[in-house]
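Peer 1: all I have is the shape, not the residue letters:
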């Protein structure tokens, strides 16, 4: 039980970190800038929400497999490997993280950013002293959500990762294998643990959102909202 | 009053503006909402693209201006002192906090240094924002609707204080407002409409001698009535009106026989006791007229004449009651010639297109006077 659990945690940490680094700039652009084909991009990043995980997994499998374009052109074959799993997880959890990040950035008061510029603050200072301090609860909530979502992922993993112990057999696959082998006692232990972990993560997300909404609300501000 | 700054800006988007004005002391840009006042301020701060001088082409970070948006935009997560120190981030920590404390002392807010913005009153928040805007020693301070975040009760006191601080700092300030009361508190007023400055000068000049109808309405001058110029001459001209031939303050550029509009601020009309017999025009611009209605508006009494329409006189309630003024009663007025303001009818029509007037003269009345 330890090996699949550690693998799941490693996958969840890695994909959350990638989502945080890549998703924050992308979400900021989507929330506050206008550019051509913005709606198309918004739709594409939301696609994993509605596509069946098996469909997403299928496309990943054919593009990452040994006959896929990556393998043919660069000799990179990611299917049935941890890296392939990671890419799949990032894409699959992207809408969750991105939506939370985008809401955090949308709630930023434009006046604050403009005033910061007139007060001489460079882009770096605006991020460091204004944007991040005001949006971090939203960014953290989105990242935790993506983390929990990655832990619970099954279909995409099954399609592109299979069930190679130590490489691609994550905890959700492990439960499936246990049930297939009629080991209901083992499945119960692992499932119970996952249930607790998911509850704690979502509870943390919910608390972050609530505390964030109530922060800095003042008499004067609320009178103008 | 300190330095003078000439602003000449041309803006194409989001609204078309072609503006040239002088900022000296506390200058108020007066205009209705939606005329581009805020856009002009943002352009001066570098937040909206524009051509002209000063500063055009510089990014907002490098312009020597202190910009205060409508709701002050204090950073809600920083203490008051950190807010004021924010523009000084390039200085070592001790220096910038020391300077911030100094600035707060100047605003009598040193005791609030550790407070968060939402713990401040509106007036305090405004002074913190002002301290922050002054921290980089700007050449020009920009205030966007400075009274919009203030309660009606404390508004005038807070504004007087803000203006006092700015005068003490000696920085020219451009404040935009739709409120004539704010404009009256300034050293200078510029009136914006139709994408350009219609008139600028001292409040005394702009409020009492508006150049056209649009300005007259913005400064709440009162009704404008048609008439014909009879004779020019300094200091007095003579005009023919529906109240008879009256004297008015001299104004250049008008020819005898020309159609004019005339008016007088409601509070500049004196109400006289009715003595002797009713007459037509008395000497020295004393006229008798009929009251159309007497009512209380904004807490002060006003009397509107039956003729000319739109002619309003400010009458304190006690005087109205003592003289028993109501619809149909006779009233004797002194229209002090120095306060009688005349403008060319043509100039007024320009403004009329932009701001149709409800209290103008009827067509029939015009026709009878002009011929």
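Peer 2: Received it, and whenever you're ready, just let me know what you need. As the structure is a computational prediction, the values presented were derived from the model and not from experiment.

Peer 1: what segments of chain A are helices?
Peer 2: With helices called from DSSP state H, chain A shows them at A:2-32, A:38-50, A:53-64, A:69-74, A:82-106, A:110-118, A:123-126, A:132-151, A:155-161, A:171-180, A:184-214, A:219-224.

Peer 1: could those go into JSON lines alongside distance to chain B?
Peer 2: (Glycine included, C-beta is placed from N, CA and C.) Putting the helices of chain A into JSON lines (distance: least, CB to the nearest CB, whole Å) gives the following:
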{"stretch": "helix A:2-32", "distance to chain B": "14"}
{"stretch": "helix A:38-50", "distance to chain B": "19"}
{"stretch": "helix A:53-64", "distance to chain B": "39"}
{"stretch": "helix A:69-74", "distance to chain B": "42"}
{"stretch": "helix A:82-106", "distance to chain B": "14"}
{"stretch": "helix A:110-118", "distance to chain B": "4"}
{"stretch": "helix A:123-126", "distance to chain B": "6"}
{"stretch": "helix A:132-151", "distance to chain B": "5"}
{"stretch": "helix A:155-161", "distance to chain B": "38"}
{"stretch": "helix A:171-180", "distance to chain B": "38"}
{"stretch": "helix A:184-214", "distance to chain B": "11"}
{"stretch": "helix A:219-224", "distance to chain B": "6"}
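
Peer 1: now the terminal residues of stretch B:86-98, how far apart.
Peer 2: End-to-end distance for stretch B:86-98, by CA to CA, to the nearest Å: 12 Å.

Peer 1: could you check how far residue A:135 is from residue A:72?
Peer 2: Distance, residue A:135 to residue A:72, using CB to CB, to the nearest Å: 42 Å.

Peer 1: how about residue A:84, what does it touch?
Peer 2: By CB atoms under 8 Å, 6 or more residues apart in numbering or on different chains, the residues touching residue A:84 are A:60, A:64, A:78, A:160-161, A:168.

Peer 1: what bits of chain A have low per-residue confidence?
Peer 2: A:212-225 (pLDDT under 70).

Peer 1: residues contacting the spatially most central residue of it?
Peer 2: Centroid-nearest residue in chain A, with CA atoms, centre = their mean: residue A:146, separated by 3.2 Å. Listed by CB under 8 Å, 6+ apart, the contact set of residue A:146 reads A:15-16, A:19, A:93-94, A:96-97.

Peer 1: JSON lines for these, including neighbour count and distance to residue B:200?
Peer 2: Output for those, formatted as JSON lines (neighbours: other CB atoms under 10 Å in any protein chain shown; distance: CB to CB, whole Å):
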{"residue": "A:15", "neighbour count": "27", "distance to residue B:200": "62"}
{"residue": "A:16", "neighbour count": "24", "distance to residue B:200": "59"}
{"residue": "A:19", "neighbour count": "28", "distance to residue B:200": "55"}
{"residue": "A:93", "neighbour count": "28", "distance to residue B:200": "59"}
{"residue": "A:94", "neighbour count": "24", "distance to residue B:200": "55"}
{"residue": "A:96", "neighbour count": "22", "distance to residue B:200": "56"}
{"residue": "A:97", "neighbour count": "31", "distance to residue B:200": "54"}
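
Peer 1: tell me the phi and psi of residue A:162?
Peer 2: phi 70, psi -140 (degrees, to the nearest 10).

Peer 1: sorry, wrong one. I was asking about residue B:46.
Peer 2: Torsion angles, degrees, to the nearest 10, at residue B:46: phi 90, psi 10.

Peer 1: so it versus chain A, what's the distance?
Peer 2: 7 Å (CB to the nearest CB, to the nearest Å).

Peer 1: ok, back up a step: in a markdown table: the contacts of residue A:84, plus neighbour count and distance to residue B:205.
Peer 2: Converted to a markdown table, the contacts of residue A:84 look like this (neighbours: other CB under 10 Å; distance: CB to CB, whole Å):
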| residue | neighbour count | distance to residue B:205 |
| --- | --- | --- |
| A:60 | 23 | 75 |
| A:64 | 22 | 77 |
| A:78 | 23 | 77 |
| A:160 | 27 | 78 |
| A:161 | 29 | 81 |
| A:168 | 22 | 82 |
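
Peer 1: end-to-end on stretch B:42-57?
Peer 2: For stretch B:42-57, the first-to-last residue distance is 13 Å (CA to CA).

Peer 1: so how far is that stretch off the chain centroid?
Peer 2: 24 Å (CA atoms, centre = their mean, to the nearest Å).

Peer 1: ok so, going back, among residue A:135 and residue A:72, which residue is more densely surrounded?
Peer 2: Neighbours per residue, other CB atoms under 10 Å in any protein chain shown: of residue A:135 and residue A:72, the larger number sits with residue A:135, 24 against 11.

Peer 1: quick check: longest strand of chain B.
Peer 2: In chain B, taking DSSP state E as the definition, the longest strand is strand B:286-297.

Peer 1: which other helices and strands does the helix or strand that that strand is followed by contact?
Peer 2: Next in sequence after strand B:286-297, counting helices and strands by DSSP states H and E, comes strand B:300-305. The helices and strands touching strand B:300-305, judged by 3 or more CB pairs under 8 Å, 6 or more residues apart in numbering or on different chains; DSSP states H and E, are strand B:286-297, strand B:312-314, helix B:317-322.

Peer 1: how many neighbouring residues does residue 184 have?
Peer 2: This is for chain A. Residue A:184 has 11 neighbouring residues, counting by other CB under 10 Å.

Peer 1: other chain: chain B
Peer 2: Residue B:184 has 15 nearby residues by other CB under 10 Å.

Peer 1: dump the residue contacts of the closest residue to it other than its chain neighbours.
Peer 2: Spatially, and ignoring its direct neighbours in sequence, residue B:184 is nearest to residue B:203 (5.1 Å; CB to CB, 6 or more residues apart in numbering or on different chains). Counting by CB under 8 Å, 6+ apart, residue B:203 makes contact with B:28, B:183-189.

Peer 1: and the gap between the residue of the stretch 51-200 of chain B found nearest chain A and residue B:75?
Peer 2: Nearest to chain A in the stretch 51-200 of chain B, going by CB to the nearest CB, is residue B:118, at a distance of 2.7 Å. Counting by CB to CB, the separation of residue B:118 from residue B:75 is 11 Å.
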